[in-house]
Every structure is written in structure tokens, then in C-alpha cells.
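Asks: Pasting the sequence and the predicted model now:
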Amino acid sequence: MLTTISNAPTAALDRATTRNRLLALLCDADFALLQPRLIPCALPLRKQLSSRGQVTANVVFVEEGIASMVATTGSQCNIEVGLIGQEGVTGIALIMGAVQSPYDTFIQSPGHGWSLEKQDLERAMETSATFRRQMILYCHTLMVQMAHTALANGRYTIEQRLARWLLMTRDRSLEGPAALTHEFLATMLGVRRPGVTAALNGLQKRGLINTRRGAITILDRTGLEDQTNGSYGTPEAEYDRLFSHAPARSGGIGAVRPLAAAVHGGLRR
């Protein structure tokens, strides 16, 4: 069960200050339709939002934090297949009409968001064609991301994939990922721990990142983008193509700039 905590929103959703880009994009009618049904929820580290093969009860519009979609065989054979942050919503299986998902979804970077129960989601999608279209377009962008993650996993080096992953997590959160262990990164990338250690050392020696006590800071975003060798940017550009009409508001990363800063020449860090 999702719970409310002190750092989660406690009042009704305010579209003028929300950091979630999908909620910021809602037309007046759709916002009025969803607002009374959105429940503020805490997203603590490692919180399980859905489990493979089990019924998913709700979707979560992420306000702060990052959720990981992980494919697993259940025998310690796991790999991350999708990332969801302030640009999106968890639970795409429900959006597409499925009751359960073949993936595990959990919080890799803590924060908070807005929960929408399954029946309220279905009612809103049946009532509003514009809301239904927005949800379907978002599912499309997430599937593009998943396809390019498969491409990166199959055709790029560990160092290139790590550079891509760091950029993607930074794009989807104000703070980027929480403190990370080499073991966690190895699981996310589907590689052995020594490979992650070597990749981190390589990026740090080039002056692209700094690692200290599990915290990774991007020092040279442009250089890190170059290091991806083209594996980063296409899913972000597709998201921006479809959702580029977000209103400019202070405080929300999705509403302030395009998802892919590199592609559109926006902010760099």
C-alpha cells in the first residue's frame, strides 16, 4: 500500500506547481476530472510499486524520484528495462488495458507522487478522449525508451551504457539517482560488478563524473553525451516531439525544459 509521509504533497494537486510533466500538460477539463481522484503518496527507496505476474492496483504520476522497471526470471537474473521520473507515470500495463505486468517496478531514487486507482484511471480514459490519447502517447515514448535500452545492451560497451544511464536518470529527476552501489548498477545494466567499477573509473579519469561514497556527480554533461556514442537521446527527443507543448513553470524539471537537454541545446550540468 502507498502511504503519505511528511515530504509528500498533502494538499490537492496544484497544476501551477506540479513537477510531473504529464499532469502539467492536462487540459482544464482533464485536470478537473483527475484532481479529486489523485492521492498524494510517498515513494521511499526500494518501494515496490508492482510485481510481475500480480495485479497492479494503481498508477503513480511521479512528482519526485525515479522508478525502475526490471525484467527478471526470479533467479537473480535481472536487468532494468525502463526508467520513469517526473516526465511520466508508472503502471503502463493498466493504461494499455492489462491487469498485471511481466515486470517488477520499484523506486530506485526516493521521492513522492500522485496515485490514481485502477478504476479511476479506467473511468477517466473512458470519459476523456484527450486524456486517453495523452496516456497512449506516453506509453509509446516509454516503449521507444525500452527498445533503445535493448539496443544499448546488445550493441554498446559497458562504459557507453553507464554514461547513457547516468544521463537518463539525471534527465528524469531534479537530483538524479540516490547513493548507488556498484552491485546495484551492475543489476540495472545487467553486467558483472567489476565491469561497472572499471566503467566508473574510466568516466572519472576523463573528468566526466565524480564518484564519492556511492554518489555520482556529472561534471561534464557534453562529454558524457559524447561518451554514449549515440546510444543516448532518441527516446528523449521522441518524448519532446510529442510533449513539447508543456507550459513554462518554475520548479518542475519537465515543465522548465525539454527532457533531453542535449538534443535541444537546453541546460547542461
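Replies: Structure's in. What do you need?

Asks: For the rest of this, base every contact and every neighbour count on C-alpha atoms.
Replies: Will do.

Asks: The closest residue to Q35 other than its chain neighbours: neighbouring residues, count only.
Replies: Among residues not flanking Q35 along the chain, L13 sits closest, at 6.1 Å (C-alpha to C-alpha, 6 or more residues apart in numbering). For L13, the neighbour count with other C-alpha atoms under 10 Å is 19.

Asks: Next, work out how far apart L13 and G88 are.
Replies: Separation of L13 from G88 (C-alpha to C-alpha, to the nearest Å): 16 Å.

Asks: Could you tell me which ranges of the stretch 1-150 of the chain sit under the pLDDT cut-off?
Replies: For the stretch 1-150 of the chain, the stretches with pLDDT under 70 are 1-11.

Asks: Do a quick rundown of the helices in it.
Replies: Assigned by DSSP state H, counting those that start in this stretch, the stretch 1-150 of the chain shows helices spanning 21-24, 28-34, 92-95, 118-127, 129-155.

Asks: Now mean neighbour count too, for these, in a markdown table please.
Replies: Compiled in a markdown table, the helices of the stretch 1-150 of the chain are given as follows (neighbours: other C-alpha atoms under 10 Å):
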| stretch | mean neighbour count |
| --- | --- |
| helix 21-24 | 24 |
| helix 28-34 | 15 |
| helix 92-95 | 20 |
| helix 118-127 | 16 |
| helix 129-155 | 17 |
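
Asks: residues making contact with stretch 74-81?
Replies: Here stretch 74-81 makes contact (C-alpha atoms under 8 Å, 6 or more residues apart in numbering) with S68, M69, V70, A71, T72, M146, T149, A150, T187, M188, L189, G190.

Asks: State the distance spanning the first to the last residue of that stretch.
Replies: Start-to-end, stretch 74-81 (C-alpha to C-alpha) is 15 Å.

Asks: picking that back up, among the contacts of stretch 74-81, which are in strands?
Replies: When DSSP state E is applied, the contacts of stretch 74-81 are split such that S68, M69, V70, A71, T72 fall in strands.

Asks: roughly how far apart are the first one and Q35?
Replies: Translated: S68. Taking C-alpha to C-alpha as the measure, S68 falls 25 Å from Q35.

Asks: out of those two, which sits in the more crowded spot?
Replies: When S68 and Q35 are compared for neighbours, S68 comes out ahead with 24 against 16, by other C-alpha under 10 Å.

Asks: For that one, list the residues it contacts.
Replies: Contacts of S68 by C-alpha under 8 Å, 6+ apart are E80, V81, G82, L83, I84, T105, F106, I107, Q108.

Asks: Now it: closest residue in space, sequence neighbours ignored.
Replies: Spatially, and ignoring its direct neighbours in sequence, S68 is nearest to L83 (4.9 Å; C-alpha to C-alpha, 6+ apart).

Asks: just checking, that neighbour touches V62?
Replies: No - at 11.2 Å, L83 does not count as touching V62 under the criterion of C-alpha atoms under 8 Å.

Asks: Mind checking which of the two has more residues around it?
Replies: Shown here are L83 and V62; by other C-alpha under 10 Å, V62 has more neighbours (31 against 24).

Asks: separation between the closest residue to M96 other than its chain neighbours and I95?
Replies: Spatially, and ignoring its direct neighbours in sequence, M96 is nearest to I136 (7.5 Å; C-alpha to C-alpha, 6+ apart). Distance of I136 to I95, computed by C-alpha to C-alpha: 7 Å.

Asks: Likewise for S244?
Replies: Distance check for S244 against I95: by C-alpha to C-alpha, it reads 22 Å.

Asks: And D30, by the same measure?
Replies: Using C-alpha to C-alpha, D30 is found at 16 Å from I95.

Asks: quick one on the thing from earlier: shared neighbours, L83 and V62?
Replies: Residues touching both L83 and V62 by C-alpha under 8 Å, 6+ apart: none at all.

Asks: How far off centre is stretch 50-67?
Replies: 11 Å (C-alpha atoms, centre = their mean, to the nearest Å).

Asks: Quick one: end-to-end length of that stretch, please.
Replies: 11 Å.

Asks: Over to stretch 72-90?
Replies: Using C-alpha to C-alpha, the end-to-end distance of stretch 72-90 comes to 18 Å.
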